[in-house]
Structures are given as structure tokens and as C-alpha cells.
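*Asks:* based on what follows, work out the 3D shape:
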Amino acid sequence: MPQLTPADRFLHETYGVSEELLIMGREADTELSGVFSSINETASYNQLKVLAAMRDNRLSETHFAGSTGYGYNDAGRDVLERIYATVFGTEAALVRPQIISGTHAIATALFGNLRPGDELLSVTGRPYDTLLKVIGVSPATGSLMEHGIGYKEAPLTDGGIDYEAVKSLITPRVKIAAIQRSKGYAWRRSFTVEEINKLIDFIKSINRDIICFVDNCYGEFADVSEPRADLLAGSLIKNPGGGLAPVGGYIAGKEELVHAAACRLNTPGLGGEAGPTLGFTQAFLQGLFAAPQVVKGALMGAVFAARMFEKLGYEHMPGAFEKRSDIVQAAVLKTPSNVEAFCLGVQKAAPVDSFVKPEAWGMPGYSCPVIMAAGAFVQGSSIELSADAPMREPYIVFFQGGLSYDHSRAGVLAGLNELTMSLNRSIIHV
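*Replies:* Below is the predicted model:
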């Protein structure tokens with residue numbers, strides 16, 4: 001039987017985590033050593049990739065100076081965006097503090113490149129909840145549909161791509177094919193870079209002019225490469241910000257498509273030439289530099305969570321030994337009270353607002369109340385430790401983040417401890 005470490009004793013004495021659960025955690029660490037080694041290799045590669053991008057673009061301390069007002073001639077912003085383009089293997093990138101979320105980045109890219117009469121085709125089933133209002137599936141002022149842009153979606157089959165459905169829906173009106181890398185709030189696998197690239201090749205074989213767009217949120221640096229898309233978008237308070245970016249988002253891809261998005265973010269005629277950085281450039285760059293190691297810790301935490309859910313008998317996705325494409329771990333907890341207990345435990349392990357009890361509420365953009373444990377330094381930062389769930393059957397909780405493996409691991413143990421205590425039963429199985 002594994003021996004408890006000083007850290008285990010601290011968790012037991014300070015957070016009340018049971019010794020039985022701590023022993024189970026040590027067993028999981030040993031069982032996952034091979035998976036952890038693979039994650040570390042990926043992080044090492046990505047760290048060198050980011051380092052080389054900063055070197056090749058001649059990053060200098062002078063680039064940390066911010067700009068205000070119009071933001072003209074901001075050399076730091078220009079270097080930051082060239083570095084992002086290099087890291088993501090694209091022609092250009094737009095990296096701005098004016099983009100406040102992943103949904104905002106995605107909406108900017110779509111509005112910038114779609115025109116009345118065009119169609120948007122989602123090829124990975126129904127998009128994440130907040131995008132439904134952007135599209136107009138859920139009515140909202142200023143949606144794509146209100147601007148005369150059509151929409152259709154190819155449902156998934158057994159969690160995978162339905163290639164025949166995708167082919168049948170591609171018509172001359174389809175301008176953008178949208179691919180969601182992460183599972184969002186759906187009970188499905190997140191798609192790997194290889195699967196996404198295969199899908200892009202399939203779409204291009206039908207019509208090379210279709211813009212293949214990838215919602216890259218939660219996936220950056222989970223693999224040694226990023227999707228080979230015409231356009232990518234994501235949030236800096238997720239993976240690429242490394243926990244240091246206090247705001248921001250990015251759009252990367254072909255130069256003309258990024259320019260069109262910049263014209264939407266700013267104004268036609270200005271594009272990306274304007275836009276103040278407001279002193280955030282150093283945090284954006286330092287966060288990007290830290291991101292491969294931060295994502296490593298989050299991935300290890302997600303794998304640990306999967307193994308612990310498995311040991312306790314909860315249905316979960318993905319499995320601990322499956323290939324991962326993002327930092328999200330999902331588990332079916334079956335009842336509202338189970339979800340609330342797990343989220344309470346995760347919140348107790350937070351550095352900020354650890355004394356707060358998470359409660360479900362009507363978050364903007366969601367179709368049902370959502371509970372979220374998120375004691376983060378940056379509001380809404382999903383690369384920091386968090387657990388959230390839409391309060392609807394079958395009551396699936398989504399766990400992600402942690403700026404280090406130690407923190408992510410502690411969050412898993414605290415969450416499971418609260419859950420097992422609420423059940424008032426042995427943790428051997430549910």
C-alpha cells in the first residue's frame with residue numbers, strides 16, 4: 001500500500017481529505033506514470049517551439065511598452081502577433097485585449113468573414129451554448145441570422161464525424177465550415193488534431209474555397225501541433241495565456257481572413273493597424289511562454305481526475321489512458337446534489353474565494369442554470385482550476401485547469417472528498 005506523503009498529510013489535516021482517498025490518489029499517480037511522461041514530452045516540445053518563435057521574431061524588452069488611444073505604431077503588439085502566427089503555423093494573427101472571451105474571438109472571426117446570403121455549416125454537431133445566440137439558433141439581437149447569414153449543422157454519429165452528412169450539407173452557399181475542437185457541454189470526445197486535419201482535407205476535397213474554421217478553445221498546446229485550419233480562434237484566459245493574461249483573445253490564420261476579422265473588431269479601413277495594448281503586452285508574452293508548462297499541469301490534473309472517477313465508478317470521458325486533445329475532463333454525477341458537492345470541494349481548494357459556496361445561476365448565453373466553481377485570479381479563467389456544470393440531466397460536471405499539477409490534483413481530491421462525504425458512504429464505488 002502506498003505511503004502518505006507530507007503533502008497528503010497536509011491535505012488530510014487542512015482540507016479534511018480522507019486517508020482512504022489519499023491512498024487511492026497515490027495509487028493513481030503510480031498507474032499514470034507513463035501518461036504523465038508522454039504529457040511532459042509534449043510540453044517540452046511546445047516550450048521549445050514558443051522559445052524559438054520569440055527568438056526568431058527578435059523579441060526585445062522594448063516591446064513590453066504599451067500603447068493607448070488609437071494604438072498606432074505599437075511595435076510590441078506587432079511582434080506579439082508575429083510570434084503567435086509563428087507558434088500556430090499561420091500567415092497572420094490578431095491578439096488583442098479588446099477581445100474579452102473565446103466566444104467573442106469566434107464571433108469576430110465569423111462576422112468578419114461572412115456576408116448576407118452566406119451559410120455557416122457546423123460540421124461537429126451543435127456548437128457550445130454561448131455560440132447559439134451568436135448564430136441566432138437561440139434568438140439574440142445582432143446574431144448572424146439577423147444579418148441574413150444562414151446556418152445548418154451536421155449531427156455527430158456515436159461521438160464521431162458523420163462524413164456523409166457533412167458532404168450532403170455542403171452547397172455553393174456554404175462559406176465557412178466550423179469545427180469545435182473541445183466537447184463544450186456535450187457528452188462526446190474532443191477531436192484530436194489528426195481528426196480535425198482529416199476533416200479539413202475532406203471538406204477541401206469537396207470545395208477548396210470553403211473556409212475551415214476551428215474553435216481552438218481549451219486545446220492549445222495539448223498536442224505538438226495545432227489544427228491545419230484556414231482560421232483559428234481562442235481565448236487568452238484559457239490555455240495560451242498561461243494564467244498570466246488578465247484578458248484577451250486571438251484569431252490566427254490566412255492573412256486576408258485575419259484582416260477581415262480585424263476590420264470587424266475595429267473598423268473597415270483600420271483593420272489591425274490600430275488598437276492599444278494598454279500595458280498588457282508583457283503579460284501576454286510571458287503567459288504564452290509559460291503556457292506549455294501550465295497546460296502540462298492542467299492535462300495531468302485532467303488525467304488524474306479521470307483515473308479517480310474511474311476508481312470510484314463514475315462514468316467519465318475521456319478515459320485516463322486515452323489520447324487527449326484538450327484540458328477538459330467530464331464525468332456523469334447523476335444528481336444535482338452530487339454536482340453541487342463536487343463543485344463545493346473544488347471551490348474549497350481555490351486560492352481566491354475558497355470560502356464561497358458555488359450556486360447555479362442563469363449565466364448570460366446559457367440555456368439553463370450553470371454552477372461553476374472558479375476561485376481564480378482572473379474572472380472566468382478556465383486555465384485556472386475550475387469545475388462547472390449545466391444543471392440538467394444527466395448532470396455532467398466538467399473539470400479543467402490548474403496552474404500547476406499540485407493544485408489541480410488537490411482540487412480533484414477536495415472535490416471527490418466533498419462528494420463522498422455528501423453521499424455518507426464508502427468511497428470504494430458508487
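
*Asks:* quick one: contacts for the residue nearest to residue 297 when sequence neighbours are not counted?
*Replies:* Take residue 297 and drop its neighbours on the chain: the residue closest to it by CB to CB, 6 or more residues apart in numbering is residue 405, 4.1 Å away. All C-beta atoms are positioned from the backbone trio N, CA, C, and that covers glycine. By CB atoms under 8 Å, 6 or more residues apart in numbering, the residues touching residue 405 are 296-297, 300-301, 304.

*Asks:* now do residue 405, the pLDDT please.
*Replies:* The per-residue pLDDT reported for residue 405 equals 98.

*Asks:* in a markdown table: the contacts of residue 405, plus distance to residue 8 and neighbour count.
*Replies:* Shown next, in a markdown table, are these (distance: CB to CB, whole Å; neighbours: other CB atoms under 10 Å):
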| residue | distance to residue 8 | neighbour count |
| --- | --- | --- |
| 296 | 22 | 24 |
| 297 | 18 | 23 |
| 300 | 17 | 24 |
| 301 | 16 | 27 |
| 304 | 14 | 26 |
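
*Asks:* now the two most distant members of these.
*Replies:* For those, the maximum inter-member distance is 12.6 Å, found between 296 and 304 (CB to CB).

*Asks:* how close does the nearest residue to residue 74 once chain neighbours are set aside sit to residue 77?
*Replies:* Counting by CB to CB, 6+ apart, the nearest residue to residue 74 once its immediate chain neighbours are dropped is residue 67, at 4.2 Å. Relative to residue 77, residue 67 is positioned 7 Å away (CB to CB, to the nearest Å).

*Asks:* got any residues that touch both of the two?
*Replies:* With CB under 8 Å, 6+ apart as the test, residue 67 and residue 77 both reach residue 277.

*Asks:* between the two, which is the more surrounded one?
*Replies:* residue 77 (25 against 19; other CB atoms under 10 Å).

*Asks:* mind checking the SS state of the more buried one?
*Replies:* For residue 77, the secondary structure call by DSSP: H, G, I helix; E, B strand; the rest coil comes out as helix.

*Asks:* give me the below-cutoff pLDDT ranges for the protein.
*Replies:* 425-430 (pLDDT under 70).

*Asks:* regarding it, what is its longest helix?
*Replies:* helix 281-312 (DSSP state H).

*Asks:* which residues of the stretch 251-400 of the chain fall in strands?
*Replies:* Under the criterion DSSP state E, counting those that start in this stretch, strands of the stretch 251-400 of the chain are mapped to 316-317, 329-332, 370-373, 386-390, 396-400.

*Asks:* now those in CSV, with distance to residue 421 and mean neighbour count?
*Replies:* CSV is the format used below for the strands of the stretch 251-400 of the chain (distance: least, CB to CB, whole Å; neighbours: other CB atoms under 10 Å):
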stretch, distance to residue 421, mean neighbour count
strand 316-317, 20, 21
strand 329-332, 17, 24
strand 370-373, 16, 23
strand 386-390, 16, 24
strand 396-400, 16, 25
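
*Asks:* circling back to that earlier point, helix, strand or coil for the residue nearest to residue 74?
*Replies:* Following three-state DSSP, residue 67 is assigned to coil.

*Asks:* quick one: the nearest residue to residue 176 once chain neighbours are set aside from residue 133, how far?
*Replies:* Once flanking residues are discounted, residue 176 sits nearest to residue 211: 4.6 Å by CB to CB, 6+ apart. Separation of residue 211 from residue 133 (CB to CB) stands at 22 Å.
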